[in-house]
Every structure is written in structure tokens, then in C-alpha cells.
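S.K.: Mind folding the following:
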Amino acid sequence: MINNDETITIRYPNDMDLDWITGNNIALALESEQLVLDPIKARSGVKAVLEDKTKGVYFLAVSARSMLGQMMITSEWSDWRSAYYWWIQSVYVLPTFRRQGVFKRLFEAVCTAAEKSGNVHALRLYVDEFNTSAQASYQRLGLSASHYRFYELSF
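M.R.: Numbering: from 1, shown residues only. Have a look, this model is predicted:
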């Protein structure tokens with residue numbers, strides 16, 4: 001639980017956050033998709049992002065006492081818009097801190113960064129069709145369902 005006098009701060013990660021982010025990604029996959037991630041691959045994936053910002057950027061929500069949650073942004077260039085779409089991914093708030101404004105603070109920080117960059121056309125995300133609580137959270141923040149459908153070919 002976040003105390004009323006605690007401030008939620010958003011920051012970029014450092015190398016010390018690698019295992020914490022990896023653990024969150026593993027928990028997120030299991031919770032949202034019942035998917036068991038290989039911890040070695042998951043750690044390698046997070047490490048790659050931390051070492052190469054062209055792969056993505058994490059935003060971390062912290063308080064003076066605790067790590068609270070995370071959000072990763074990846075970029076997609078649009079030749080139609082001559083601007084980027086930022087994709088929200090790897091959103092995870094520790095269960096103890098849910099429904100206390102952590103996701104909202106992460107989202108606001110990403111919106112501010114997108115507006116400040118001057119070359120982001122829109123924020124996008126995908127969500128499991130059965131994850132209705134996440135969908136409700138997104139709608140409360142002004143996101144709406146797109147007319148696009150998501151298709152995939154895995155290798």
C-alpha cells in the first residue's frame with residue numbers, strides 16, 4: 001500500500017534494475033497469458049533493451065520505500081504519418097500497489113515524453129481480449145479500441 005504522504009516518481013532504469021524488471025516480465029506473462037517464460041531468455045531480452053535504447057525504453061514507478069511498477073515503450077516508424085507510433089508494452093504493477101494510481105502515473109509520464117519528443121503521432125498497445133480489467137483501465141485513461149486487428153506468424 002502506498003502511504004498518502006508518499007510520492008510516486010517515474011524514472012529510467014539502471015543496470016541494478018535488470019533482475020527486478022525480468023521478474024516482473026515473468027510474472028506478467030504468467031498472470032496475463034498463463035505463459036511461462038524462460039528466465040534466461042527473459043533476462044537476456046531485458047538486458048538488450050537496457051543496453052540499446054533503439055529496442056525500447058523502460059519507465060519505472062518508484063516511491064521512497066518501494067519499486068512499484070514498470071512500462072516499456074517501443075517505437076514504430078510510420079511513413080504515412082512521418083512520425084512514430086509508440087507501443088506500450090510490458091506494463092506491470094506489483095499486486096500490492098494496484099488501484100493506487102501507479103499505472104496512471106506511468107501513462108502520464110509516457111504521454112509527456114511523447115508530446116515533448118515532437119515526433120510521436122500516437123500511443124498504441126495491444127491487450128488480451130479476455131483481460132477486461134486492463135481494458136477498463138486503458139479506457140479510463142482515454143484510450144479506445146482501434147479498428148485494426150492484430151495478426152501474427154510466430155517462428
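S.K.: Nearest residue to the residue most central in space within the chain in space, ignoring adjacent ones along the chain?
M.R.: Geometric centre of the chain, nearest residue: Met71, 2.3 Å, by C-alpha atoms, centre = their mean. Distances taken as C-beta to C-beta, 6 or more residues apart in numbering put Leu106 closest to Met71, at 4.4 Å, once the chain neighbours are dropped. C-beta coordinates here come from the backbone N, C-alpha and C atoms, glycine included.
S.K.: what about the one you found, which SS state?
M.R.: Classification of Leu106 by DSSP: H, G, I helix; E, B strand; the rest coil places it in helix.
S.K.: which secondary structure elements does the helix or strand of the chain at the bottom of the mean pLDDT ranking contact?
M.R.: Counting by mean pLDDT, DSSP states H and E, the weakest-scoring helix or strand in the chain turns out to be helix 132-140, with a mean of 91. Using 3 or more C-beta pairs under 8 Å, 6 or more residues apart in numbering; DSSP states H and E, no helix or strand is in contact with helix 132-140.
S.K.: which of the residues in that helix are buried?
M.R.: Ser137, Tyr138 (16 or more other C-beta atoms under 10 Å).
S.K.: Centre of the chain to it, how far?
M.R.: The chain centroid and the centroid of helix 132-140 are separated by 14 Å under C-alpha atoms, centre = their mean, to the nearest Å.
S.K.: about what we covered before: for the residue nearest to the centre of the chain, grab phi and psi.
M.R.: phi -150, psi 140 (degrees, to the nearest 10).
S.K.: One more: Arg11?
M.R.: phi -140, psi 160.
S.K.: what's the spacing between it and Tyr58?
M.R.: 10 Å (C-beta to C-beta, to the nearest Å).
S.K.: Report the residue spans of this structure with pLDDT below the cut-off.
M.R.: By pLDDT under 70, the weakly predicted segments of the chain are 4-5.
S.K.: The residue nearest to the centre of the chain contacts Trp87, correct?
M.R.: No. Shown here, Met71 and Trp87 do not form a contact pair, counting by C-beta atoms under 8 Å, at 10.7 Å.
S.K.: picking up where we left off before, next, count neighbours for the residue nearest to Met71.
M.R.: Residues contacting Leu106 under the criterion other C-beta atoms under 10 Å number 23.
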